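Q: okay, predicted coordinates and the sequence, questions at the end:
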Amino acid sequence: RRPSPALARPALLALLRACTGAGDVSSQGYYAAAPGQSESLHYLLPAEVEGMRLVINGHTPALRYINGGGRCPGPSGSEPTGYELYGQISLPECARIAKQQPDMKGFRWGTGDGLSAASYRRLVRQDTEAPESSTIGAIPLDELFPGVEQFTCFIYMVDENRKAPKFVDTASLGVNIEVLDRRLSTLNGTGLDANPRQLGRLRHKHGIIAKPTLHSGKEVCGQRWSVLRYLKPTSSALWFCYQPVERQHVCDEMQSDFEWSSHRFLAASLVFLAVLAYVMRSHREIALPFAHSVEWIAFFCLCLQVSLACGAVLIDYNMDEDDVTFVWTVVCVTLVGSHLLYSPYLLFTSCECKAFPLQTIALWYLFVILYSPSVFFERLTFYRSFPLLMYHSPGFIGVFAFVIEGIRKFVFDNIFGQPKRAQEAGKPEYYMPMPAYSVQSYLG
């Protein structure tokens, strides 16, 4: 019989204290370091610290559901301005410093380089095998960041003018912080230029440096990654965002307003694409070459999006334990799903009637496919299990599925020959989508 989380957690904490030689665990969720050890990482990940709550997209208290991105934005996707602290600073110290700052909206703590991928995967797998061992409050950060001493603490501070107020002295906390002036590029009171080499020496001397930033957000409501993460095969970054408990209702109100405005913008974009399709269809000498040149690009976009969406669904249902099964499931779903999503375009373009509205709808649908990645990839950066999703590299799986489709298309065209419709591709009355040849090849 599996022990309950209430019984398993004390046993786990006792085991951690015995293995690490650490002191007692506090009510905040972290534990004191043993004599002679650094305090930086000898504590568990707290769900709440200094009146601030961990931001979890989806509100499920487990490591696999922490987005881990380096942005803590509001509903609009922009994070607030504030001060970036770098040095030997622990998460509890970051929380205590943030609590003393005026107009504080939250803070972000972590590192852009130092996460142990093996430890992360092991702790994440425990979510399905032993859920109580990887819930928030039972995650030892010294296993996630082995050997890391330098961390970044970003404190979000925004006044009524949407600017960062003056940084409050933290000498009472026993933490020495030098504040970098944003405009003069000097350290206050030192008179030294803040070039990277001197900053490195000053960090070594003073320990922590606070650097102001210029962002446009107003609240800390969620967590996300940069879209540039899709271009990186791996990443050793992991961040934790915290927001004041009393600011949650503000985020809920802003979220509803943003969803309404985003829906209006999306509707306006679809109308604009419809007008563009109508204008281009009126100029057949432009529309036909354009459609032929981007059809494979549109199908490639569908493969990428379907593979990412399929990977996210499998992760949500805890079906990602076996890597081989995961890969081939995503490949099969990507091939089938991409053809299903592409089929409306094939239906309109293969219609024997030369009705003008059908061809306009086909071109508009092609525009929608090409436009969809700008929305899909942006929204996916907020996905709660984004680091786990990127571990499986579903983007490369989508590329692999696209290559399989290209090879299959080439083989079938050479065996059965191109269909008769392909010979009429030069006529301006018809569109001949390249993936459509494969469908018609099946039909002979």
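A: Arrived safely. Residues are numbered from 1 along each chain as shown.
Q: where exactly do the helices run in this structure?
A: 5-20, 91-99, 117-129, 141-144, 196-206, 248-282, 284-316, 323-349, 356-380, 386-391, 394-416, 420-423, 434-443 (DSSP state H).
Q: adding mean neighbour count and mean pLDDT, write those helices out as JSON lines.
A: C-beta: built from backbone N, CA, C; applies to glycine. Formatted as JSON lines, those follow (neighbours: other Cβ atoms under 10 Å; pLDDT from 0 to 100):
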{"stretch": "helix 5-20", "mean neighbour count": "14", "mean pLDDT": "43"}
{"stretch": "helix 91-99", "mean neighbour count": "22", "mean pLDDT": "92"}
{"stretch": "helix 117-129", "mean neighbour count": "16", "mean pLDDT": "80"}
{"stretch": "helix 141-144", "mean neighbour count": "20", "mean pLDDT": "90"}
{"stretch": "helix 196-206", "mean neighbour count": "12", "mean pLDDT": "41"}
{"stretch": "helix 248-282", "mean neighbour count": "13", "mean pLDDT": "89"}
{"stretch": "helix 284-316", "mean neighbour count": "19", "mean pLDDT": "88"}
{"stretch": "helix 323-349", "mean neighbour count": "17", "mean pLDDT": "93"}
{"stretch": "helix 356-380", "mean neighbour count": "17", "mean pLDDT": "90"}
{"stretch": "helix 386-391", "mean neighbour count": "22", "mean pLDDT": "93"}
{"stretch": "helix 394-416", "mean neighbour count": "16", "mean pLDDT": "87"}
{"stretch": "helix 420-423", "mean neighbour count": "13", "mean pLDDT": "48"}
{"stretch": "helix 434-443", "mean neighbour count": "17", "mean pLDDT": "38"}
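Q: so how far is Lys99 from Trp109?
A: 13 Å (Cβ to Cβ, to the nearest Å).
Q: Gln248 too?
A: 17 Å.
Q: so for Arg53, which of the helices of the chain sits nearest?
A: helix 248-282 (7.6 Å; Cβ to Cβ).
Q: isn't Pro80 right up against Gly217?
A: Yes. With contact defined as Cβ atoms under 8 Å, Pro80 counts as touching Gly217 (4.2 Å).
Q: anything in contact with each of the two?
A: Residues within reach of Pro80 and of Gly217 at once, by Cβ atoms under 8 Å, 6 or more residues apart in numbering, are 74, 156, 158.
Q: got a list of what Leu54 touches?
A: Per Cβ under 8 Å, 6+ apart, neighbours of Leu54: 45-48, 66, 136, 240-242.
Q: related to what we said a few turns ago, make TSV from the shared contacts of Pro80 and Gly217 and add pLDDT to it.
A: Shown next, in TSV, are the shared contacts of Pro80 and Gly217 (pLDDT from 0 to 100):
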residue	pLDDT
Gly74	89
Tyr156	93
Val158	89
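Q: ok, the nearest residue to Val245 once chain neighbours are set aside - contacts?
A: Spatial nearest neighbour of Val245, excluding adjacent residues (Cβ to Cβ, 6 or more residues apart in numbering): Arg53 at 5.2 Å. Arg53 makes contact with 47, 242-245, 248 under the criterion Cβ under 8 Å, 6+ apart.
Q: any idea how far Arg53 lies from Cys221?
A: Arg53 is 12 Å from Cys221, where distance means Cβ to Cβ.
Q: between the two, what contacts are shared?
A: Counting by Cβ under 8 Å, 6+ apart, the common neighbours of Arg53 and Cys221 are Gln243.
Q: now the helices of the chain in CSV, with distance to Phe167?
A: Shown next, in CSV, are the helices of the chain (distance: least, Cβ to Cβ, whole Å):
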stretch, distance to Phe167
helix 5-20, 34
helix 91-99, 9
helix 117-129, 33
helix 141-144, 26
helix 196-206, 14
helix 248-282, 23
helix 284-316, 39
helix 323-349, 46
helix 356-380, 32
helix 386-391, 31
helix 394-416, 40
helix 420-423, 67
helix 434-443, 57
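Q: right, and those helices - which one's nearest Gly70?
A: Gly70 sits nearest to helix 386-391 of all those, at 11.2 Å, using Cβ to Cβ.
Q: show me what that closest one is packed up against.
A: Judged by 3 or more Cβ pairs under 8 Å, 6 or more residues apart in numbering; DSSP states H and E, the packing partners of helix 386-391 are helix 117-129, helix 284-316.
Q: minimum distance to Leu266: which of those has it?
A: helix 284-316 (15.9 Å).
Q: between the helices of the chain, which one is nearest to Trp225?
A: helix 386-391 (5.7 Å).
Q: ends of stretch 139-153, what's the gap?
A: Start to finish, the residues bounding stretch 139-153 are 19 Å apart (Cα to Cα, to the nearest Å).
Q: buried ones in that stretch, by neighbour count?
A: For stretch 139-153, a neighbour-count test (16 or more other Cβ atoms under 10 Å) marks 139-145, 148, 151-153 as buried.
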